[in-house]
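Give me a model of this one.
(chains A, B, C, D, E and F)
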4 protein chains.
Amino acid sequence: MVTATSARGRIDKRQAILAAAFTVFARHGYDQAGVQEIAAEAGVAKPTVYNHLADKANLFRHAVLAAAEEVMAENLAIAERLREPGGDLRATLEDVAYRMARVCAGERARALRSLAHGQASRFPDLIDLVRERTSDRLSEALADRLARLSLAGRLRRCDPALAAEQFLALLTGPLEARSRSGTRTLSTADTRTVADAAVDTFLRAYRPD
Amino acid sequence: MVTATSARGRIDKRQAILAAAFTVFARHGYDQAGVQEIAAEAGVAKPTVYNHLADKANLFRHAVLAAAEEVMAENLAIAERLREPGGDLRATLEDVAYRMARVCAGERARALRSLAHGQASRFPDLIDLVRERTSDRLSEALADRLARLSLAGRLRRCDPALAAEQFLALLTGPLEARSRSGTRTLSTADTRTVADAAVDTFLRAYRPD
Amino acid sequence: MVTATSARGRIDKRQAILAAAFTVFARHGYDQAGVQEIAAEAGVAKPTVYNHLADKANLFRHAVLAAAEEVMAENLAIAERLREPGGDLRATLEDVAYRMARVCAGERARALRSLAHGQASRFPDLIDLVRERTSDRLSEALADRLARLSLAGRLRRCDPALAAEQFLALLTGPLEARSRSGTRTLSTADTRTVADAAVDTFLRAYRPD
Amino acid sequence: MVTATSARGRIDKRQAILAAAFTVFARHGYDQAGVQEIAAEAGVAKPTVYNHLADKANLFRHAVLAAAEEVMAENLAIAERLREPGGDLRATLEDVAYRMARVCAGERARALRSLAHGQASRFPDLIDLVRERTSDRLSEALADRLARLSLAGRLRRCDPALAAEQFLALLTGPLEARSRSGTRTLSTADTRTVADAAVDTFLRAYRPD
DNA sequence: TATGAATGAGCCTTCATTCAT
DNA sequence: TATGAATGAAGGCTCATTCAT
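From the prediction side, this is the model:
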């Protein structure tokens, strides 16, 4: 299967380049990252990078969007866990909150936001595309779950979109503060504490009347 | 008083340079901002910038920190308002929340975070210095006020630091989402809506038992 | 006759490449012409070009020399016309001059000189090879004819080589000026005018005493 | 006179750059000439070249045009010599022809034509600007002189523009051929021979009836 | 002190050329 | 044999930074 192999090889190489690009961009930022270094990280020669991705700008775009897709997939998988809340709602929410915290405060998600925000002037559209994938989609999925819970009487009646937004805010806000904006890596215990506190406050505010 | 005048003139020039630097850095980001453009914006020649501030890096540091100080001053003034809560606690909190929203989502604060985060690899300490001034200090001041309110029985007993953190999270989280990460400028009404929702949820969770 | 066919196909492909190369070189000059574009113009892939012609330099050489051969053939055919001058020498010379003008000011001959002159430093020999084929050979053939005419008493006694040289100079010099160095394409009428003037002056200078 | 000195220094540097540029372009052609080498030849650093002349293209333009101006000045000075023909017209013409030959076949004039022709596709206007200065202007000045000679009865009645054109053609055409397109440098004697032959033929064709 | 001019270093990009299929 | 993909080398251009005035 000659064609398959070489087509596959080509795809692999492209993805290796994108992965390397994301790594290097995350490490140094857009301007400081050299295409040279990206090529080295991907194990290819510089022109190969250009053969696959035209431009440094294009390379950035695709690397960032590819990473964003991955994060989105993780996020959506987590929100699914609320579909079967089980008897102990608090415990389930705490678990979900913890997992979301792991993803949202994780290195990839953080780098993603950092890169997109930092290059807002050069890539004005990217910031939105990234936020959509890292936050909005998650918020929407969460809103769906909360709406069901509200309907089932396990939460008070409310605007589910707002509730989801606030749930995530209660989670990620303190996360950001506690991790000192990503400077410190949070321990599992700390993350749990933050998640539990978020859930506690959320349940107090949204418990059925 | 020739000396005083020229010392004064010197100081003015330095501040003009710092202000210009912040403007330009905010406009283009660290790497993309040229010392040339900064000098032009400040109305001086390039070497003058170097005479006053040695380095591009140094220039960045000072420009960012100066802006951070300004933001901090604004933030602290606002928190003071909670010292005399008055009879209608909800109304007072809503007012405070709205004002904080204005500052935290304002252009300077946003640029500050954006620049600091974007250059985290080059200036690892800056991110903390900025967060301290834009968020932490505000959070601390707020915690002080909330502690008093709790003691006065107008809020339930709680960890005031956590309460402050969550209050700010409920405010700035949705703010970020609604402004599409600063892409859209929020109207006064939208800002108020966000502030009121934050206060509502906060009060539900922290009302006296 | 498989072998014959494929040998023929091979030759055809080689000539297609050479033709394409000349076209592209003429269009953009040596350095600016990309092997890529030449391959595309020839309808083959880049490595095929290298399979047939080793080098870009080699490609250039062969393309230029092939074109030069074609031009030479045309030129010699024209000079033959002077072998039977007929009764009206002036008319015959005018006809010959006109045809030579057409060729020498034609696109191929012009591109040929332009390319060879422009790459004199890189291909020091080419300029001579080309001039030989586009001018010298013509001049020699012409000298032969003029010698006969002189001997026959229809021109004064003279050095036929010099006479030929001057005949061509009187023709191509004004041609170059009038066409603004090839910038403007000369109309048939203009070309005729130039040819006639050249012949007139030539005959005045070389008429029998 | 501080200002004068530094302004003068700046001008000197600019002209040094232009001269170096012309030298290097003449040596290697446009594409093959590196800005690096030009800077080195001028004794400055690469960015200095860009400070003075923006672009490689711009540098080329100015270098070529500056050289063209110089050539034009030389040419016009020579034509002036025909203003006072003296008793021996042939001798005067021979002298003028010889001097013109020296200039037109000189290195600068040759490089000028070569560069302009070679880069016709990239700088379509340059070829005309150069021809104007190296040939047309000379032709016009010469026509003026020939008109006077014709009027004075020392040449037959004729179109002076055509006569000038043909005079130059008779001179430069053979010059080109004998120097093998600039490959060989002509000796003084050879140049004289060519000039004398041109004048002889010219006088035969244009002698008063 | 403030400035116009000069510099050294570095990066993106392209292209002729060669493998591997 | 013909090709898609990969590479090594090189060049234009920019920019932070420093002299000299």
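
helices or strands next to the helix-or-strand element of chain A with minimal mean pLDDT in the packing?
Ranked by mean pLDDT, DSSP states H and E, the helix or strand of chain A with the weakest confidence is helix A:2-28, at a mean of 80. When contacts are defined as 3 or more CB pairs under 8 Å, 6 or more residues apart in numbering or on different chains; DSSP states H and E, helix A:2-28 packs onto helix A:35-42, helix A:46-53, helix A:56-79, helix A:107-118. (Glycine included, C-beta is placed from N, CA and C.)

hmm, who's touching stretch A:55-63?
Outside stretch A:55-63, the residues that touch it by CB atoms under 8 Å, 6 or more residues apart in numbering or on different chains are A:17-19, A:21-22, A:25, A:30, A:35, A:38, A:49, A:53, A:115, A:119, A:122-123, A:126.

What is the most widely separated pair among those residues?
Spatial extent of these (CB to CB) is set by the pair A:Ala19 and A:Arg122 at 21.8 Å.

if we can go back for a sec, could the helices and strands packed on helix A:2-28 be laid out in a markdown table, adding mean neighbour count, mean pLDDT and distance to B:Thr185?
Below are those laid out as a markdown table (neighbours: other CB atoms under 10 Å in any protein chain shown; pLDDT from 0 to 100; distance: least, CB to CB, whole Å):
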| stretch | mean neighbour count | mean pLDDT | distance to B:Thr185 |
| --- | --- | --- | --- |
| helix A:35-42 | 18 | 96 | 35 |
| helix A:46-53 | 16 | 96 | 34 |
| helix A:56-79 | 19 | 94 | 24 |
| helix A:107-118 | 21 | 93 | 16 |
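
can you redo those helices as a markdown table with distance to DNA strand E?
As requested, those are exported to a markdown table (distance: least, CB to the nearest atom of the strand, whole Å):
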| stretch | distance to DNA strand E |
| --- | --- |
| helix A:35-42 | 4 |
| helix A:46-53 | 3 |
| helix A:56-79 | 4 |
| helix A:107-118 | 14 |
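
Compare these and give me the one nearest B:Pro208.
Proximity to B:Pro208 (CB to CB) singles out helix A:56-79 among these, at 33.8 Å.

wait, does the closest one contact DNA strand F?
No. Using CB under 7 Å from any atom of the strand, helix A:56-79 never reaches DNA strand F; the gap is at least 12.0 Å.

mean confidence for the helix or strand just after that helix?
Following helix A:56-79 in sequence order, the next helix or strand is helix A:89-104 (DSSP states H and E). If you average the pLDDT over helix A:89-104, you get 95.

what does helix A:89-104 rub up against?
A:71, A:74-75, A:78-79, A:81-82, A:85-86, A:109, A:134-135, A:138, A:149, A:154, A:167-168, A:171-172, A:175, A:191-192, A:194-196, A:198-199, A:202-203.

Next, the buried residues of it.
Within helix A:89-104, the residues scored as buried using 16 or more other CB atoms under 10 Å in any protein chain shown are A:89, A:92-104.

So what's the residue count around the residue nearest to A:Ala105 when sequence neighbours are not counted?
Among residues not flanking A:Ala105 along the chain, A:Leu175 sits closest, at 4.9 Å (CB to CB, 6 or more residues apart in numbering or on different chains). Neighbourhood size, A:Leu175 [other CB atoms under 10 Å in any protein chain shown]: 23.

what are the phi and psi angles of A:Leu175?
A:Leu175 adopts backbone torsions of phi -60, psi -50, taken as degrees, to the nearest 10.

my guess is it contacts A:Leu186, does it?
Yes. Taking contacts as CB atoms under 8 Å, A:Leu175 lies within contact range of A:Leu186: 7.3 Å.

Quickly list what's touching both of these two.
Common neighbours of A:Leu175 and A:Leu186 (CB under 8 Å, 6+ apart) are A:Ala105, A:Val194.

can I see the domain layout of chain A?
Per automatic domain parsing, the structural domains of chain A span A:1-53, A:63-206.

quick one: which of the ones you listed is nearest C:Ser181?
domain A:1-53 (38.5 Å).

right, is that closest one up against DNA strand F?
Yes. Using CB under 7 Å from any atom of the strand, we find that domain A:1-53 touches DNA strand F at A:Ser6, A:Gly9, A:Arg10, A:Lys13, A:Val44, A:Ala45, A:Lys46, A:Pro47, A:Thr48, A:Asn51, A:His52.

List the residues that contact the fourth one.
Going by CB under 8 Å, 6+ apart, A:Lys13 touches A:Ala42, A:Val44, A:Thr48, A:His52.

and the gap between the third one and chain C?
Per CB to the nearest CB, to the nearest Å, A:Thr48 is found 16 Å from chain C.

and the nearest residue in space to that residue that is not next to it in sequence, what is it in contact with?
Residue nearest to A:Thr48 in three dimensions, not counting chain neighbours: A:Ala39, with 6.8 Å by CB to CB, 6+ apart. With contact taken as CB under 8 Å, 6+ apart, A:Ala39 is in contact with A:Ile17, A:Ala20, A:Ala45, A:Lys46, A:Thr48, A:Val49.

and if you look at A:Arg148?
Applying CB under 8 Å, 6+ apart, we find A:Arg148 in contact with A:Arg83.

which SS state does it fall under?
Secondary structure assignment for A:Arg148 (DSSP: H, G, I helix; E, B strand; the rest coil): helix.
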